[in-house]
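Trainee: this one's structure only:
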Ligand SMILES: O=C(O)CCC(=O)C(=O)O
Ligand SMILES: [Fe+2]
C-alpha cells in the first residue's frame, strides 16, 4: 500500500477562479452528455420509479427522501420517500467541465486575500502560505506541477513563529447538539494543550494541536432570516441518493444538521486531546494542505502505513465514536438499497460491500486547503480486494471533489460536496483517484456555524476498515 506516495499534496496546474459548480447539483463530467434527472416527492416509496438511465458514467439517478429534522436538529430515520417518473433534461446535474482549474498552490496572493477576507485568521494564512515547500517533489507524477513557487522562503520562519491562540476547552464538549461548547477564555494552545513531542523538534508545528472551532469573539453576526429559511427548506427536503458510477454513491444532504453539529463538537473535543488535529507532513518535509487527526488507527503520511500510534509525537489515536460508526453503517446500507432499487439484477452488496469502520481520517481544510489526486490503498490487502468502501462525510464549507480512473486532474470528473453530504466509494470504485481541488468559502450552513463556531473551512471524515 502506498497511500503517501499517491496522496500527493502538490498543486494542480492551471488557474482556479471559475464560479463554483452549479448549485448543489455540481457535477461536472468529462466526455458525457449532460443528463439531469428531475425529481419530486409525490409517490410512495414502494413505487420508486426505475426510470433510471443506467449506472454508467454520465448517468445518475436521484432518489429524494425525507430524513432530517431541521427544526430540532434531529436525524430522524429514513422516512418513506416518493418519486415522480424521472424526467431527463439538459440542465446542470451532470455537465462537462468547461474549464480546468488548478488547485492553486501557486496563488499565494489570492490565498492571502482569501484568508484575510474569509476568516481574518492570520495564523491560518501563515500556515497555508507556509505549507508549500520548495522541496516538495512531485510524488504522484501525472499532471501535478511543482509547488516550488509559493512561499519557499517564508516556510520555516512563519511556521516557527506561529502561535495558535484560541480558546481552551475546559468544559466537556457535548456529543449532542443541544449542549453547546462553552468557551471559557482565550489562551495559548501551547500552554493549555500539552504538546506531545517525540523529539521532532525540527518541525515544531507538527506537535501542536489545531482547533477546528474559532474563539467566540471572532464569530460573525447571526445569519439573516432569509439564509436560515433557505437552509431550513433544504433540510426539510431530505436527502437524495445518486449513483455516480458503479461502486460510487453520493448521498446528498444525508447528515442532518443535528448530526453535523454532533460530529463537529465531537471532533473538536477529540481534536484538542491526545492524537488530535495536527499538521501532517511527508518525509521530505512537505506539508499537506490540511490538518489531520486519525481515529482508531493512525495513518502516517511519511511511511504510508497504518499503526497504533502517531510517529510524529507518539500519541495514540482516539477511538471512533460509536455515533460515527452508526452513521457510517447506516449510510452504507442506504447506498446498497439505492443500488438495488436502481438496477433490478444487482444486489447492493455486490457493488458496495458492507464494512464496519476501524479507521477514520479526519481532515480539516482551511479555506485554502486542498488534497491532490490519490488512491486510498493503505488498508489491508483483503480490505482492498473485497472493495470494502471508503465512506466520506463532508461538513462545513463545500469542496470541489475530483475523481477519475487516472491521476489526471485535467480529465478528472468533479462533484461539489456540501455540508451533510456522504460519498461512498467501494467495489469497482474502491481504487478511484480522488482529491479536493478547492474549498468554496462561506458556504457552510449558517446554522451549523452558529451552533458550533466551526472555523471557515471544511471538515471531512473518511472511514475505512483495515
Ligand atoms: O476530503 C475529502 O473529501 C477526501 C479526503 C481523502 O481523500 C482522504 O483523506 O484520503
Ligand atoms: Fe482519499
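Mentor: Cool, the structure landed. Here the structure is a predicted model, which means the values were calculated and not measured. Numbering: from 1, shown residues only. Ligands and ions are numbered 1, 2, ... in the order given.

Trainee: residue 211: neighbouring residues, count only.
Mentor: 24 (other Cβ atoms under 10 Å). Quick note: C-beta positions are derived from backbone N, CA and C, even for glycine.

Trainee: for it, phi and psi?
Mentor: phi -90, psi 120 (degrees, to the nearest 10).

Trainee: distance of residue 337 relative to ligand 1?
Mentor: 24 Å (Cβ to the nearest ligand atom, to the nearest Å).

Trainee: skipping its backbone neighbours, what lies nearest that residue in space?
Mentor: The shortest distance from residue 337 to any non-neighbouring residue, by Cβ to Cβ, 6 or more residues apart in numbering, is to residue 348 (5.8 Å).

Trainee: how deep is the residue in the chain positioned nearest to ligand 1 tucked in, by neighbour count?
Mentor: Closest contact between the chain and ligand 1, by Cβ to the nearest ligand atom, is at residue 460 (3.4 Å). For residue 460, the count of nearby residues is 23 (other Cβ under 10 Å).

Trainee: list the contacts for it?
Mentor: Counting by Cβ atoms under 8 Å, 6 or more residues apart in numbering, residue 460 makes contact with 362-365, 392-395, 399, 417, 436.

Trainee: doesn't it lie inside a strand?
Mentor: Yes. Judged by DSSP: H, G, I helix; E, B strand; the rest coil, residue 460 forms part of a strand.

Trainee: now it: how far from residue 263?
Mentor: In this view, residue 460 and residue 263 are 11 Å apart by Cβ to Cβ, to the nearest Å.

Trainee: do the same with residue 241
Mentor: 20 Å.

Trainee: I figured residue 397 hits residue 455, correct?
Mentor: No. Look at residue 397 against residue 455 with Cβ atoms under 8 Å: they stay out of range, at 9.9 Å.

Trainee: one step back: which residues are in contact with both of residue 460 and residue 263?
Mentor: 393, 395.

Trainee: which stretches of this structure have low pLDDT?
Mentor: 1-207, 216-221 (pLDDT under 70).

Trainee: and the chain, which residues reach ligand 1?
Mentor: 361, 363, 371, 376, 392, 399, 401, 434, 436, 460, 462 (Cβ under 6 Å from any ligand atom).

Trainee: make sure residue 419 is indeed in a strand.
Mentor: No. Using three-state DSSP, the assignment for residue 419 is coil, not a strand.

Trainee: ok, it touching residue 261?
Mentor: No. Judged on Cβ under 8 Å, residue 419 makes no contact with residue 261 at a distance of 10.8 Å.

Trainee: which neighbours do the two share?
Mentor: Contact criterion Cβ under 8 Å, 6+ apart; residues shared by residue 419 and residue 261: residue 448.

Trainee: next, the distance between the ends of stretch 411-430.
Mentor: 19 Å (Cα to Cα, to the nearest Å).

Trainee: and it, which residues are buried?
Mentor: Residues of stretch 411-430 classed as buried by neighbour count (16 or more other Cβ atoms under 10 Å): 412-427, 429-430.

Trainee: could you pull up the residues touching residue 459?
Mentor: Counting by Cβ under 8 Å, 6+ apart, the residues that residue 459 touches are 212, 263-264, 267, 362-364, 394-396.

Trainee: residues touching the closest residue to it other than its chain neighbours, list them.
Mentor: What sits nearest to residue 459 in space, not counting adjacent residues and going by Cβ to Cβ, 6+ apart, is residue 395, at 4.4 Å. Contact analysis of residue 395 by Cβ under 8 Å, 6+ apart lists 255, 260, 263-264, 419-420, 444, 448, 454, 458-461.

Trainee: swap the cut-off to 7 Å and go again
Mentor: Neighbour list for residue 395: 260, 263-264, 419, 459 [criterion: Cβ atoms under 7 Å, 6 or more residues apart in numbering].

Trainee: okay, these in TSV with distance to residue 315 next?
Mentor: Shown next, in TSV, are the contacts of residue 395 (distance: Cβ to Cβ, whole Å):
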residue	distance to residue 315
260	26
263	21
264	21
419	28
459	20
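
Trainee: just give me the closest of the residues you listed to residue 282.
Mentor: Relative to residue 282, the closest of the contacts of residue 395 is residue 459; by Cβ to Cβ it sits at 22.1 Å.

Trainee: list the buried residues for stretch 297-317?
Mentor: Neighbour-count burial for stretch 297-317 flags 297-301, 304-306, 310, 312-313, 315, 317 (criterion: 16+ other Cβ under 10 Å).
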